[in-house]
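Trainee: what's the 3D shape of this:
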Amino acid sequence: MAKINCIILPKSLSMKPRSNFHIAKACLQSSLPKDKPAIVFINKNELKKISIEMLRENAGKVASYVHQLNQKMGSDISKYIFVLLPNQPDFLYAVLGILQAGNVAVILPYSWTEEEVRQAQKRIGSKIIFTNRFDVSSYFEEVISLNENFYKKITPLENFYGSAEDEATLIFTSGTTSAPKAVVHAHRALLGRLPAIEYWAHLEKGDTVLHTGSLNWTYTFGLGFTDPLMVGATSYLFESPPSTEELILALE
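Mentor: Next up, the predicted model:
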C-alpha cells in the first residue's frame, strides 16, 4: 500500500475547532445574492420560490413551537421529532426549525406505510410528528400540521440550541437489502461535506443546483438542500418525481 505523505484540504475547511457549528445556523445565515431565491420547488409548470428571509422566518416559527414543547414536555421526552412530509417548503421549515430548537429531526420517507411509521415510532419512542397524513396520527401525542394558521400565530425563535457534537438528524437507509436502519448524523457531519462541495460539486455562491431526488434521502438532503444553502447557491427541487418533459423544461 502506498504511503500517504500529505492530505490536501479545501480552502473552505478551517482547521480551527468548530464546536459551535450548527446545521440550521449555517443554512439560515447563508449569504445568498439579493436577487436569487434560496430554494425553488417545481410542480409541473409552477415554481414556488423561497427567499432566505422566508426560510429564516418560517423555520424560526417552527423552532419557537418546538422550544415551547421542550419546556412543556421536557427535552428528554421531546428530543426526537418525526418529520413525515413530501418534497415541499414545509419539509424545510420543519427540519431546520427542529434543529434550531436543539432537537433531533427523524426524517421518514413519505412513501412509508402506516405500519412502517408505527414500527419506527416503537423503536425510537418519539411522541411528536410533523405531518399532513392523518393515518399515522394515533401513534403520537403531538401531531403538528404546518399550515397558514400555524405560521400566523407564532413569533420566530432567534436563538440556536445545540453544538457540533449533538445529534441533528436520523435518516433511514433505503432498505434495499434489509430492513431500513436509522443513521445518526451529528451537526458536525455537515463539515465532512466541505471537500465534496469544493472539489466535486464545485459549488460557489450564486450557483444554481437542480436535484430530482427526495429530501428524505441523504444524497438529496446534502447536495440538494444543505450544501447549496451553506455556500449561498440556489437549489431547484421537484415536489414529485418529474417526467422526462418536466425535466427538460426545468433544464431549459
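Trainee: Helices along the stretch 1-150 of the chain, start to end?
Mentor: With DSSP state H, counting those that start in this stretch as the definition, the stretch 1-150 of the chain shows helices at residue ranges 23-28, 52-73, 75-78, 89-100, 114-124, 148-152.
Trainee: Could you name the helices and strands sitting against the third one?
Mentor: Meaning helix 75-78. For helix 75-78, the packing partners by 3 or more Cβ pairs under 8 Å, 6 or more residues apart in numbering; DSSP states H and E come out as helix 52-73. Every C-beta, even on glycine, is put in place using the N, C-alpha and C of the backbone.
Trainee: if I pick Pro156, what's in contact with it?
Mentor: For Pro156, the contact set (Cβ atoms under 8 Å, 6 or more residues apart in numbering) comprises Arg56, Glu57, Asn58, Ala59, Gly60, Lys61, Ala63, Ser64.
Trainee: neighbours around the residue nearest to it when sequence neighbours are not counted, how many?
Mentor: Once flanking residues are discounted, Pro156 sits nearest to Gly60: 2.8 Å by Cβ to Cβ, 6 or more residues apart in numbering. For Gly60, the neighbour count with other Cβ atoms under 10 Å is 24.
Trainee: Same check on the one 3 residues further on?
Mentor: The local packing count at Ala63 equals 29, with neighbours defined by other Cβ under 10 Å.
Trainee: residue contacts, it?
Mentor: Taking Cβ under 8 Å, 6+ apart, one finds Ala24, Leu96, Gly97, Ile98, Gln100, Ala101, Pro156, Leu157 in contact with Ala63.
Trainee: go on, Pro242?
Mentor: So Pro242 contacts Ile42, Thr212, Ala250 (Cβ under 8 Å, 6+ apart).
Trainee: Counting neighbours, what do you get for Asn43?
Mentor: 14.
Trainee: how near is it to Glu246?
Mentor: 9 Å (Cβ to Cβ, to the nearest Å).
Trainee: Show me the common contact partners of these two, please.
Mentor: Phe238.
Trainee: and the closest residue to Val117 other than its chain neighbours, how far is that from Ala120?
Mentor: Of all residues not flanking Val117 in the chain, Val136 sits nearest, at 4.6 Å (Cβ to Cβ, 6+ apart). Remark: distance between Val136 and Ala120 (Cβ to Cβ) = 10 Å.
Trainee: Mind checking which of the contacts of Pro242 land in strands?
Mentor: Ile42 (DSSP state E).
Trainee: Just among the contacts of Pro242, which is most surrounded?
Mentor: Ile42 (21 neighbours).
Trainee: in the sheet, who's paired with it?
Mentor: Note on Ile42: beta-bridge partners Leu47, Phe238, judged by DSSP bridges.
Trainee: So it versus Ser145, what's the distance?
Mentor: Ile42 is 24 Å from Ser145, by Cβ to Cβ.
Trainee: and the helices of the stretch 1-150 of the chain, which is most packed in?
Mentor: Of all these, helix 89-100 has the most neighbours on average by mean count of other Cβ atoms under 10 Å, namely a mean of 26.
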